[in-house]
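> need coordinates for the below:
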Amino acid sequence: MEIKDLMPRDGNDTLRIGDSDDLVVMENFGKLPLGKLRLNNHGLIVMCTEGAAQFDYDGQQIQLHKNDLFLYMAHSVVCNFMSSPDFNCRQIWFSRSELWNIDMYSEVSLSDLTFLKQHSKISLKDNDITLLDSYFRLLCRRMRDTSPSLYPDIVRSLVSTMMMEILCMIRREKELFIDAEALNEKSPGFHRRLLADRFIHLVEKSDGRIRKVDDFAKQLNVTPTYLSTVLKETLNRRPSMMIEHFTMGAIERRLRYTDMTMQEIANDLKFPNASFFGKYVKEHTGMTPLEYRKKYQK
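Now for the predicted structure:
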């Protein structure tokens, strides 16, 4: 079946900054359209407020109930969506560029992202629910009043703070999971997870300067095929995708927050030359490095 690209909708209960789709807040969201769906340009935070829903998320079956939090990562496929008649949820859609605007990339590690890929649902505690509900209500109220001259900055500040709170909840769950796994060190799953964690550490440490799966496999003393198999089993991601994601983060930091020339960035990240670097950026962003810098540099 064809995979359809899902985009944020319009409506009275849908809020955005101007007419941009980079940051969209939905107060009520009931049903998904039929078929296989993918968000190519957005991540998504879903907070179930009523009822229940069930769907497949990159092959994992997810069941949402009231007060569950679900985090969707871009390019993942959702299908077989079913829900109770009273199902409802709140949603926050955000593009990659918006994550830079609210400065979340400096806070979220690759380890956080890979944990989310495996554990995309969190059952919120009572104090979590109260906290996020207050943030969401304030966010919606501020997004409806566009009169302040600093309106976009106020909205982004609220979203950033709310995401920081969610990140704390995610890391709390991650620590509990790691502690539980450590009690069963003899299981094959534990050792595969350990290898995946070591790979993540090496990718982060390389800061975009190593881009070949073979080079990481050599550091880990495994074959590239075995490394790919382990990452597919534990994270449902190819190592090349994770390397590309982190490489683009390294590139975007330099384009946004430094005055380095294209040649200097190419040299720093060990690209063969500035032309090759430009083609890499164009392939992954649809813009040349200079176009990207002009649009997003702070």
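
> could you pull out the helices for this structure?
With DSSP state H as the definition, the chain shows helices at residue ranges 96-101, 110-118, 126-144, 151-182, 188-206, 213-220, 224-235, 239-257, 262-268, 274-285, 289-296.

> quick one: neighbours of the closest residue to Asp128 other than its chain neighbours, just the number.
Among residues not flanking Asp128 along the chain, Met169 sits closest, at 5.8 Å (C-beta to C-beta, 6 or more residues apart in numbering). For the C-beta atoms, the positions are set from N, CA and C on the backbone; glycine is no exception. For Met169, the neighbour count with other C-beta atoms under 10 Å is 16.

> and for Ile17?
18.

> with adjacent residues omitted, what lies nearest to it?
Ile17 sits nearest to Pro152 (C-beta to C-beta, 6+ apart), 5.3 Å away.

> from Pro8, how far off is the one you found?
17 Å (C-beta to C-beta, to the nearest Å).

> comparing the two, which residue is more hemmed in?
Legend: neighbour count by other C-beta under 10 Å for Pro152 and Pro8, higher for Pro8 (21 against 15).

> quickly note the distance from the nearest residue to the more buried one once chain neighbours are set aside to Leu176.
Leaving aside its chain neighbours, Pro8 sits nearest to Val24 (4.0 Å; criterion: C-beta to C-beta, 6+ apart). Val24 sits 32 Å away from Leu176, going by C-beta to C-beta.

> who's more crowded, those two?
Comparing Val24 with Leu176 by other C-beta under 10 Å, the one with more neighbours is Val24, at 23 against 10.

> okay, the more buried one: pLDDT?
pLDDT, Val24: 94.

> tell me the contacts of it?
By C-beta atoms under 8 Å, 6 or more residues apart in numbering, the contact list for Val24 reads Pro8, Thr14, Leu15, Arg16, His42, Gln91, Ile92, Trp93, Phe94.

> any idea how far Asp215 is from it?
Going from Val24 to Asp215 by C-beta to C-beta gives 39 Å.

> swap in Leu37?
35 Å.

> that older thread, closest to Phe29 out of the helices of the chain?
Relative to Phe29, the nearest member of the helices of the chain by C-beta to C-beta is helix 126-144, separated by 12.8 Å.

> for Phe271, which non-adjacent residue is spatially closest?
That would be Phe277: by C-beta to C-beta, 6+ apart, it lies 4.1 Å from Phe271.

> number of nearby residues for the one you found?
Phe277 is flanked by 21 other residues according to other C-beta under 10 Å.

> now Gly51
By other C-beta under 10 Å, neighbour count at Gly51 equals 16.

> can you give me the pLDDT of the residue nearest to it when sequence neighbours are not counted?
Of all residues not flanking Gly51 in the chain, Phe87 sits nearest, at 3.5 Å (C-beta to C-beta, 6+ apart). Phe87 carries a pLDDT value of 93.
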